[in-house]
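[1] Here's my sequence, what's the structure:
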Amino acid sequence: MNAYTAPVSARRSGFRELRVVAKVRESATISSFYLEPVEAEGWRPFEPGQFLVFRMPVQGGEGFVLRNYSVSCSPRQQGSYRITVKREAAPSADVPDGVSSCYLHDRVEVGNILLAEGPRGDFSLDSESKRPVVLLSGGVGLTPLVAMLHALAATERKVLFIHACDNGDVHALRDEVETVAASRPGVTAHFCYRFPTSKDRVAGRHHSEGVVTRELLQQLLPLDDYDFYLCGPPPFMRAVHGMLRGLGVPRQRIAYEFFGPATLLEAPTEHALVEQAPAAVPGGSITVEFRKSGRTAAWDPTAASLLAFAEDQGLSPDFSCRAGICGTCKSRLVSGEVAYFEVPLDELPPGEVLLCCSRPRGSVVLDL
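    Residues are numbered from 1 along each chain as shown. Sure thing, here's the model as predicted:
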């Protein structure tokens, strides 16, 4: 029996049906789901690092939740996708299990149909760069980086894949990563286990113990100009991002998948905001006026989005996905026009804009 049957309205919004053709246990808590489109035209190419958006039914059949899962397979594997998902069990009796991850693990089997949209996201490899690459992941955050590893193995760039997790029992895709690393010279994998078991030590499953430290990075990385890609749980991301910045790595060399404000990855002294009167805006430049807040600023073309720009001005708009999916960052556009670099998942009414995936075409006024 299918896990879900797509209504006509969902198909119109860009979702399509993907059939589960294999379900593979990768570790004690992580499983991979191999997906093929029900209709041939349902497969869309993806950049390594991008994710699919899934519409999962809520228990009881009333409503849905949207969840993003990175594609973990090689981008050269045309016609199918793989997502690798950790089962997020409740940490205590008064907290519910992860709605989507537990649904996938406990109820979805081979032959079931899932609804997905995408691929989406701008966390992807800089294909024009020739610099060596460091892929740094924690826990299930390795999934987009495994896809990147496959892509990089087909190039001549040096690659170091560093993965941190608790131990071998929860280490997913280990053999796959080692196989790719052995496919050519210049690709190396390093596994850091926080709590290795005696079995891990006997089998030599890891290369270092504890957590990723500044000293470990200095030991593994000879002096060079690297591109870094990070993905993992927030504490891991904050720690590693801080280490890299402390080692003098420029911000523009650090790419990451992190569904939160970029300022959360910086040390407090690096992003402290000082209240001050709005600076004078040069004539002819693009301006963004936040009407409710009484602030106007010259648009910074290096800002990732209007949401990021608003945060840079000391504002705190509501957000969730930061990828044009959930609609939480929706704001009224009083005047002006925006350009979307990521098409919103659902069509917006006239006069409304999603801040997380848009930039101004010219001067704009937001009801924020």
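
[2] and the residue positioned nearest the centre of the chain, what is it in contact with?
    For the chain, the residue sitting closest to the mean C-alpha position, by CA atoms, centre = their mean, is E257 at 3.5 Å. Under the criterion of CB atoms under 8 Å, 6 or more residues apart in numbering, the contact list for E257 reads 49, 70, 121, 123, 141, 144, 230-231. (Each C-beta comes from the backbone N, C-alpha and C, glycine too.)

[3] Could you find the closest non-adjacent residue to L135?
    Spatially, and ignoring its direct neighbours in sequence, L135 is nearest to L145 (4.2 Å; CB to CB, 6 or more residues apart in numbering).

[4] The one you found contacts C231, correct?
    Yes. Because the distance of 5.8 Å satisfies CB atoms under 8 Å, L145 is recorded as touching C231.

[5] between these two, which one's more packed in?
    With other CB atoms under 10 Å as the criterion, L145 and C231 differ in neighbour count, and L145 comes out ahead with 30 against 25.

[6] any idea which helix or strand carries that one?
    Here L145, judged by DSSP states H and E, is contained in helix 142-153.

[7] And for E17?
    Per DSSP H and E, E17 falls inside strand 16-25.

[8] Let me see the mean pLDDT of that strand.
    Averaging pLDDT along strand 16-25 gives 97.

[9] Could I get the buried residue list for it?
    The neighbour-count check on strand 16-25 (16 or more other CB atoms under 10 Å) flags 16-20, 23 as buried.

[10] got it, and stretch 185-196?
    Along stretch 185-196, the positions that meet the burial threshold by neighbour count (16+ other CB under 10 Å) are 187, 189-193, 196.

[11] how far out from the middle of the chain is stretch 70-77?
    Mean-position distance between stretch 70-77 and its chain equals 14 Å (CA atoms, centre = their mean, to the nearest Å).

[12] So for it, what gets flagged as buried?
    Of all the residues in stretch 70-77, those buried under the rule 16+ other CB under 10 Å are 70-75.

[13] Which element, helix or strand, includes L160?
    Assigned by DSSP H and E, L160 falls within strand 159-165.

[14] Please work out which residues outside that strand touch it.
    Contact partners of strand 159-165, identified using CB under 8 Å, 6+ apart, comprise 132-139, 142, 145, 149, 152-153, 171, 177, 181, 186-194, 211-212, 220-221, 232, 236.

[15] Tell me where the stretch 51-200 of the chain has helices.
    99-107, 142-153, 174-181, 198-203 (DSSP state H, counting those that start in this stretch).

[16] Switch those over to a markdown table; also include mean pLDDT.
    Written out in a markdown table, the entries for the helices of the stretch 51-200 of the chain read as follows (pLDDT from 0 to 100):
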| stretch | mean pLDDT |
| --- | --- |
| helix 99-107 | 91 |
| helix 142-153 | 97 |
| helix 174-181 | 98 |
| helix 198-203 | 96 |
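
[17] Please identify the most buried of the ones you listed.
    helix 142-153 (a mean of 25; mean count of other CB atoms under 10 Å).

[18] Can you tell me which helices and strands that helix packs against?
    Applying 3 or more CB pairs under 8 Å, 6 or more residues apart in numbering; DSSP states H and E, we find helix 142-153 packed against strand 64-70, strand 81-86, strand 133-138, strand 159-165, helix 174-181, strand 187-193, strand 227-231.

[19] Try it again at 6 Å.
    Packing partners of helix 142-153 (3 or more CB pairs under 6 Å, 6 or more residues apart in numbering; DSSP states H and E): strand 133-138, strand 159-165.

[20] Contacts for it, please.
    Counting contacts by CB atoms under 6 Å, 6 or more residues apart in numbering, the residues outside helix 142-153 that touch it are 48-49, 70-72, 74-75, 84, 125, 133, 135, 137, 159, 161, 163, 173, 180, 183, 187, 231, 257.

[21] ditto for stretch 65-75
    Contacts of stretch 65-75 with the rest of the structure, by CB under 6 Å, 6+ apart, involve 46, 48, 51-56, 81-85, 99-100, 143-144, 146-147, 150-151, 325.

[22] for the strand holding E17, packing partners?
    Going by 3+ CB pairs under 6 Å, 6+ apart, strand 16-25 lies up against strand 30-37, strand 113-120.
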